[in-house]
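> structure, please.
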Amino acid sequence: MSDEPIHHASCLCGAVKIQVTGELPRPDACHCTICRKVSGHYYAGTDLPRERVSISGEEHITWYQSSPKVRRGFCKICGCTLLFDPIYRDWTSVSMGAFDGPTGTKLAIHIFVADKGDYYEIKDGLPQNQQ
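Residues are numbered from 1 along each chain as shown. As a prediction, this is how the structure comes out:
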């Protein structure tokens, strides 16, 4: 039996369930235009090796190819933003908002802040990358 923590995530309607084995790496907050439009604000996700992520209800995920290198996964029933998936990499990002219960992690950095909305300020003292 493993002592590694198990984290559970799901969409709003519960059709898609995600299980992550092990600690969650510190997430980044992306303020790029695409992430803002996808999430309605900015996207915070934790990047995980694919082998640590298992999905049930995968038939309810719809994929949107947002760029030649990245697809994004949504629940096709409730529309919940779940995954940021760089298809040529060995990792995927799970939306922090999808996790059920405590995550045991904190934001690490803000990225693409040059594209952030003008209606909010970032004042948490974390590093900020312009791009």
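> who touches the closest residue to residue 61 other than its chain neighbours in this structure?
What sits nearest to residue 61 in space, not counting adjacent residues and going by C-beta to C-beta, 6 or more residues apart in numbering, is residue 73, at 4.7 Å. For the C-beta atoms, the positions are set from N, CA and C on the backbone; glycine is no exception. Contacts here follow C-beta atoms under 8 Å, 6 or more residues apart in numbering; on that basis residue 73 touches 61-63, 82-85.
> distance of the residue nearest to the spatial centre of the chain from residue 121?
Per C-alpha atoms, centre = their mean, the C-alpha nearest to the average position across the chain is that of residue 95, at 2.4 Å. According to C-beta to C-beta, to the nearest Å, residue 95 and residue 121 sit 23 Å apart.
> picking that back up, what about the contacts of residue 73, which are in strands?
Assigned to strands by DSSP state E, the following of those qualify: 61-63, 82-85.
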